[in-house]
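**Q** I need the structure of the sequence given here:
(2 chains)
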Protein chains: 2
Amino acid sequence: MSKSADLYYAVEPWRVVENGFDPAYALTGESVFSLANEHMGVRGYFEEGAAAPSLLGSYFGGVYEFEGEDAPGGYRGVVKKTHYMVCAADWLYARVAVDGEQLRIGESHIEGFTRVLDMRTGEMRRDFVWVTQSGKRVSVSFARLLSMVDARRACQRVSLTADRPCEAAVTLAVDAGTVHRTTNRCDWRALSVDADGTLAHVAAQTKTSGQTVRCDLAFTFPQAAEPVLAPLLAGARVRAALAPGQPFAAEKRVFAQVDAQDAPVFAGYEETLRENAAHYADFWRRSDVIIEGDDINQQGIRFCLFQLHQTYRGLSAKHNIGAKGLTGEAYNGHAFWDTETYCLPYYLLTAPETAKNLLLFRHRTLAQAKRRAAQLDCAGACYPIATLNGEEACTLWQHASLQMQPSTAVAYGIWHYVRQTGDTAFERGPGLEMLIEICRYLATRGDWDAQGTGYGYYGVMGPDEFHLMVNNNYYTNRMGQKTLQYTLRVLEAAARAGTDTGVSEAERAAWRAMAEQMKLPQRPDGVFEQHEGYFSLPHIDVNKIPREQFPLYAHWSYDRIYRTDMIKQPDVLMAMFLYPGDYTKEEMAANYAYYEPRCIHESSLSPSVHSILASALGLRREAQDFFGFATRMDLDNYNRNSGEGLHLTSIAAAWVTIAFGFAGLRTDGELPSLAPVLPEGWKRYSLSLTLSGSAVRVTVDEKGAEVVRECGAPVALMLNGERVVV
Amino acid sequence: MSKSADLYYAVEPWRVVENGFDPAYALTGESVFSLANEHMGVRGYFEEGAAAPSLLGSYFGGVYEFEGEDAPGGYRGVVKKTHYMVCAADWLYARVAVDGEQLRIGESHIEGFTRVLDMRTGEMRRDFVWVTQSGKRVSVSFARLLSMVDARRACQRVSLTADRPCEAAVTLAVDAGTVHRTTNRCDWRALSVDADGTLAHVAAQTKTSGQTVRCDLAFTFPQAAEPVLAPLLAGARVRAALAPGQPFAAEKRVFAQVDAQDAPVFAGYEETLRENAAHYADFWRRSDVIIEGDDINQQGIRFCLFQLHQTYRGLSAKHNIGAKGLTGEAYNGHAFWDTETYCLPYYLLTAPETAKNLLLFRHRTLAQAKRRAAQLDCAGACYPIATLNGEEACTLWQHASLQMQPSTAVAYGIWHYVRQTGDTAFERGPGLEMLIEICRYLATRGDWDAQGTGYGYYGVMGPDEFHLMVNNNYYTNRMGQKTLQYTLRVLEAAARAGTDTGVSEAERAAWRAMAEQMKLPQRPDGVFEQHEGYFSLPHIDVNKIPREQFPLYAHWSYDRIYRTDMIKQPDVLMAMFLYPGDYTKEEMAANYAYYEPRCIHESSLSPSVHSILASALGLRREAQDFFGFATRMDLDNYNRNSGEGLHLTSIAAAWVTIAFGFAGLRTDGELPSLAPVLPEGWKRYSLSLTLSGSAVRVTVDEKGAEVVRECGAPVALMLNGERVVV
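**A** Purely as a prediction, here's the structure:
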């Protein structure tokens, strides 16, 4: 847990501000200043080009390219053809020259640089003074905005003001010739490219997946512009004589569509800014977390919520939440199984109406999950470890073939969603359809032991990825059992309602037997064995591993990480986080005491689970230590890799830690319950929760907790063990 | 065990004869008719070119190319840069035309085709009548020979006899422009190429490994020839008018060197044939296995011994025994750990003077094994799963990082070699050097269990490759223990002799503790648990797996093969095969009864171990069933993949099964012992063995066994439990 923070950005409650440009922070800055609106996203790159490290990233949700081939030969069920979120049209493309000199940060002489992200509007702007080689001082401003009202819209502004007369040339365009950095190639071929000085567009298609992105631009220049055309680029160029002190302003309005050719609808910068301000006012009203007495975490948690909202807000069932959102190429844009365990709870508790599409994404890709199960010689549906389009994209068989948690996480998500929303129509419809297929997978992937008395999963990798090809992993078996049990309950309810589900009594009986006899061995002291044989594994004192050996994947031989009792991230504790009501406090304490010292937290999601359980166990010091500055993982570049993109699911975990940890929220009991504590150093904090359809605000200070209903019907809940109606 | 045989070739005691050409058997024929002399090898391809399936294979022992790059990133210790035995200069290159028509079997009209391999000379020849498009009948003969006296030498003959006058054109050359089939590229660049009509040569270098092969040719033509030159080809072409019935004969003498530029020494075909005949007479005298009453196995075992001798006979410590020898590209020419367990015993028992170089190969590559251990975060030396040059060539981490048996097999080989030869100078010299480094690997790769009372190996894959990342695999632990114990004995002897070995008492004490407390759990009924948890694995009745699902790797999802009690090949039984004297007959019987029904023999080496143990247990029917026609795996194309190359190590296993199985040979006791039985259907069999430096011939018939000393001093042995001196 010994990470270090940079505190590079100014601490303000509603903004992220960079004062001065440090090339060492160029990539991190691009990630931190990312803008997105679920439909599309851009990193905070310098659109005019720069002589500094840069990952030009412009992404569209669900737009990907294939890589590799499903060639014959090789091992069956091992993925060879994968897919990745592809870098797409750079609709921010701009070029600025004064007196023939090109502006390029890193080469040009720059003074008074500021970059500001305003979380109340979603606007990102840069202002600086460019001193040209002839000594003229040009005030430059770039601003950008993605519409939160119509996600196909975006705007860009460029303005120049010189202190002496000069000749400026400004080009604004869209460029589909972007190079995907990881593969080092352009994945686009032009379908149509046109420009007339006022309007321009590029429609381009990905080479292997055949998806199209069409970007239409409309320009506002102070004077006539000439069209600019290249094979994959369209725009306009204007040349203007700048008078001292007279601003030159250019605006680009963007309309970007995926697999559609609708007539573009443009909106101006000011109008979009107003719309966004209204949108974010509503968002913050419903979702804000207020922390008094800790400005650092205050800014941090708002940055988390802002970025999470930008990435996903339930617009479409075609989108999921990539590990890096729309902010970088790392992890190839793939969504992992943490969507249902870390992100979904946030949406369910703050904006439940946006959560359904996350589950409909899984329903939409049920056919792919069924094909995947068949590839693995199983019945039913096996959900992918990593995906954009529903197909398994992970080429490491040890993850793609052995990790069952994506499938049980979908079942958990359905259960959690229905529990929070009461949407039984979904539960009996698409929910049950998924549940049945997941159970069929669970019933064919598992096996009975040699004695025929215990059921379980063999050759798996649980959430703790430091143990591979193990048998009867606690988490896997437990989640399998919970999934079977929940599905049987839904089937019973469906049967009572007279619905034919197509699941025979024999099949249900088999599932019941598997669930009842699931192997979940527990020591007399309450500790569950993480997997068969775990208790006799060689012990390693993880605190004695030198700090410079982390991350272990980079410093240890790959096979070496798998043969001791060291765990990468919580496994037994993860099940306790998901179903806290199933365990006694003594069990939780025994397992926390046993497994926590064996965990090295090599997953960025690991500390949050430990913090939440520590809160539940009254271990306030540990809870706060594990929370650390979870809200600032990317702002402060804790893991030294924020430049690759933001840790979107860790961002969700920060909120989850505050709500389920400090505020003691539990959602698996009869009633939602709260048992808030005030972290040391915080004067007061409050968060909004949607419980049983009503919005309440929970405010906690040293005197205690207060729950106020903000809208909706009165809601019953447990507060510090007592039933209250708010 | 339900394989099927083709019996395509005529059954003769000393020859392999193909009558008529069947394109469906083209590739298998190329493998079966392979010639080699350890230094170089050629498949039995049609050197004049053919319109039939062909894998033109010309190989030189230890000549390889690299593939892949050790790029940064990715998992540590996982091999990315590998190497493969590269297809090299085709020194058999020939082209034949008559009246401008090119001879190409598969297109040309051919009658009376025969191809004959003579195992008394190592000559391969083809004879047939070519009926040209104008109806002329041309008798064609191709013959080839690799010298067993000077392995750099080879000869080729072409002869044509027409029934009517015609114009013939014959080109003989060496072509280094060969394409390696698996990679589909030529890996050679020319260093020098020259020809003058009488002599020709090509010297070429591999592109990445920088090895050179230089082939010099000398021609004998009935008339003057013109030189033929191309960037990677050199030879001579002769045009001749053929008179009816007058043979036209051309001869090519070859001198091929690796990484050397010595002046070529040529020898003619007849001289080489005579030399080879003498060589093979001596070889068969020392190595022949005579089987009376079973012509099929008689031919089969001779084919095995002939091919094994061609592949390896101890010429150089630079060579090892590839899984396919010098007969194909499959397995990339790599030698595996079966060299020490299956091949070395054959050499030790028939020609012990040739065995030393196999072990010196490991000593020569000790530095590579030490580097590999370091890559795996271990001390000492870790020998590779697959290699040509001593570096690990296996890119599958689950094999390369988890299988410890190559290292313990080297230790076993040293022990076995010294035991058979009494070469204590080797044992205290290079042997001990290797043993110490292997023990250092064993002492750092393993670990003490959580209780600190048992030592063992975690995260391994034993010989049974259907269980991956298991803990305390019996074979691995047992071989580790035997290696530590043997090394400690050699160290003690060295210490008594006053030699400083550089191994501290502390290190020896640690090794002693590990060996003493090695985890080798055994049930009360004597069955050893193959690995921790094996006994509770889900059971599968392997006899119920439909035949069409074999091989399982091709029909089952990769992960599925790992999660039941089904085993691919013997594991516990393998240890019993290597050290039979360590186990009681009851233990052997209990383990055989338990594990044999769980084994699917997906390794071609599996049946031999079972046959040998069945013989030891008096299970004569099973011993014979498992032997099957082990001698004919390739002649009869049992596995439908002989076309890729011969199964060289299975070939060794056939001899091992006869010697250690039917003849009941054991070499791990005080004295060598024999307990021969006569397989049903065999009238009599005999084999030569070198025991304690003396050659004896063991003859077995229904009356019993007779052991006759053929040369050397009198030798004591156990025969059917009684001490005899021969």
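**Q** beta-bridge partners for residue A:673, please?
**A** In this entry, residue A:673 is beta-bridged to residue A:666, residue A:718, by DSSP bridges.
**Q** that one: neighbour count?
**A** 21 (other Cβ atoms under 10 Å in any protein chain shown). Yep, even glycine has a C-beta here, placed from its N, CA and C like the rest.
**Q** try residue A:13
**A** 12.
**Q** what helix or strand is the nearest residue to it once chain neighbours are set aside located in?
**A** Nearest residue to residue A:13, sequence neighbours excluded (Cβ to Cβ, 6 or more residues apart in numbering or on different chains): residue A:298, at 5.6 Å. Here residue A:298, judged by DSSP states H and E, is contained in helix A:295-311.
**Q** report all helices and strands that that helix contacts.
**A** strand A:10-11, strand A:35-36, helix A:269-287, strand A:289-292, helix A:648-656 (3 or more Cβ pairs under 8 Å, 6 or more residues apart in numbering or on different chains; DSSP states H and E).
**Q** can you give me the angle that helix makes with helix A:648-656?
**A** 130 degrees (axes from the mean of the first three to the mean of the last three Cα atoms, to 10 degrees).
**Q** buried stuff in helix A:295-311?
**A** A:296-311 (16 or more other Cβ atoms under 10 Å in any protein chain shown).
**Q** is residue A:373 in a helix, a strand, or coil?
**A** helix (DSSP: H, G, I helix; E, B strand; the rest coil).
**Q** count of residues packed around it?
**A** If we define neighbours as other Cβ under 10 Å, then residue A:373 has 23 of them.
**Q** doesn't residue A:384 make contact with it?
**A** No - applying Cβ atoms under 8 Å as the test, residue A:373 and residue A:384 come out as separate, 10.7 Å apart.
**Q** farthest-apart pair in the buried residues of helix A:295-311, please.
**A** Farthest pair in the buried residues of helix A:295-311 (Cβ to Cβ) is A:296 and A:311. Separation: 22.7 Å.
**Q** and the helix holding residue A:298 with helix A:269-287, angle?
**A** Going by the same axes, to 10 degrees, helix A:295-311 makes 110 degrees with helix A:269-287.
**Q** can you name the element that comes right after helix A:295-311?
**A** Using DSSP H and E, the first helix or strand after helix A:295-311 is helix A:338.
**Q** what's the helix or strand just after that following helix packed up against?
**A** Downstream of helix A:338, the next assigned helix or strand under DSSP H and E is helix A:344-350. If you count contacts as 3+ Cβ pairs under 8 Å, 6+ apart, helix A:344-350 packs onto helix A:356-364, helix A:405-421, helix A:648-656, strand A:684-691.
**Q** deepest-packed of the ones you listed, please.
**A** Mean neighbour count (mean count of other Cβ atoms under 10 Å in any protein chain shown) peaks for helix A:648-656 among the helices and strands packed on helix A:344-350, with a mean of 28.
**Q** can I get that one as CSV, trimmed to CA atoms?
**A** This file holds the C-alpha atoms of helix A:648-656, laid out as CSV (Å, rounded to 0.1, in the frame of the first residue of the first chain):
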residue,chain,number,x,y,z
LEU,A,648,-12.5,3.8,-14.5
THR,A,649,-13.5,0.8,-12.4
SER,A,650,-11.3,2.0,-9.6
ILE,A,651,-13.1,5.3,-9.8
ALA,A,652,-16.3,3.4,-9.2
ALA,A,653,-14.7,1.6,-6.3
ALA,A,654,-13.9,4.9,-4.6
TRP,A,655,-17.6,5.7,-4.4
VAL,A,656,-18.4,2.2,-3.4
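**Q** give me the mean pLDDT for that helix.
**A** Across helix A:648-656, pLDDT averages out at 91.
**Q** next one: it to chain centre, how far?
**A** 8 Å (Cα atoms, centre = their mean, to the nearest Å).
**Q** could you list every helix and strand in contact with that helix?
**A** Using 3+ Cβ pairs under 8 Å, 6+ apart, helix A:648-656 is in contact with helix A:295-311, helix A:344-350, helix A:606-616.
**Q** swap in 6 Å and give it another go.
**A** helix A:295-311, helix A:344-350 (3 or more Cβ pairs under 6 Å, 6 or more residues apart in numbering or on different chains; DSSP states H and E).
**Q** residues making contact with it?
**A** Contact with helix A:648-656 is made by A:304, A:307-308, A:311, A:321, A:323, A:325, A:338, A:342-343, A:345-346, A:604-605, A:608, A:630-631, A:633, as judged by Cβ atoms under 6 Å, 6 or more residues apart in numbering or on different chains.
**Q** residue ranges with poor pLDDT in chain A?
**A** A:1-6 (pLDDT under 70).
**Q** please redo it, this time with the cut-off set to 90
**A** For chain A, the stretches with pLDDT under 90 are A:1-7, A:69-74, A:547, A:550-551, A:602-605, A:628-630, A:633, A:637-641, A:649-651, A:692.
**Q** ok, the residue sitting furthest away from the middle of it to residue A:136 distance?
**A** Relative to the C-alpha centroid of chain A, counting by Cα atoms, centre = their mean, residue A:165 is the outermost residue, at 47.9 Å. Distance from residue A:165 to residue A:136, counting by Cβ to Cβ, to the nearest Å: 9 Å.
**Q** same thing with residue A:379?
**A** 73 Å.
**Q** could you give the number of residues near the nearest residue to residue A:315 once chain neighbours are set aside?
**A** Among residues not flanking residue A:315 along the chain, residue A:38 sits closest, at 4.7 Å (Cβ to Cβ, 6+ apart). Burial of residue A:38 is recorded as 24 neighbouring residues (other Cβ under 10 Å).
**Q** distance of residue A:38 from residue A:317?
**A** 12 Å.
**Q** and what of residue A:203?
**A** In terms of Cβ to Cβ, residue A:203 sits 25 Å off from residue A:317.
**Q** give me the more crowded residue out of those two.
**A** It is residue A:203, of residue A:203 and residue A:317, that has more neighbours when counted by other Cβ under 10 Å, with 20 against 16.
**Q** helices or strands next to the helix or strand containing the more buried one in the packing?
**A** Element membership for residue A:203, per DSSP H and E: strand A:199-206. Contact here means 3+ Cβ pairs under 6 Å, 6+ apart; on that basis strand A:199-206 packs against strand A:188-195, strand A:212-220, strand A:233-242.
**Q** the last one versus strand A:199-206: what angle between them?
**A** In other words, strand A:233-242. Going by the same axes, to 10 degrees, strand A:233-242 makes 150 degrees with strand A:199-206.
**Q** how about residue A:458, what does it touch?
**A** Here residue A:458 is in contact with A:447, A:471, B:563 (Cβ under 6 Å, 6+ apart).
**Q** distance of the nearest residue to the first one once chain neighbours are set aside from residue A:519?
**A** Spelled out, that is residue A:447. Spatial nearest neighbour of residue A:447, chain neighbours left out: residue B:538 (3.6 Å); criterion: Cβ to Cβ, 6+ apart. Residue B:538 sits 11 Å away from residue A:519, taking Cβ to Cβ as the criterion.
**Q** ok, these two, which is more surrounded?
**A** residue A:519 (23 against 19).
**Q** if we can go back for a sec, return the distance of the strand holding residue A:203 from the chain's centre.
**A** With Cα atoms, centre = their mean, you get 28 Å for strand A:199-206.
**Q** and what of stretch A:316-334?
**A** With Cα atoms, centre = their mean, you get 7 Å for stretch A:316-334.
**Q** can that stretch be found next to chain B?
**A** No - under the criterion of Cβ under 6 Å from any Cβ of the partner chain, stretch A:316-334 makes no contact with chain B; the nearest approach is 12.2 Å.
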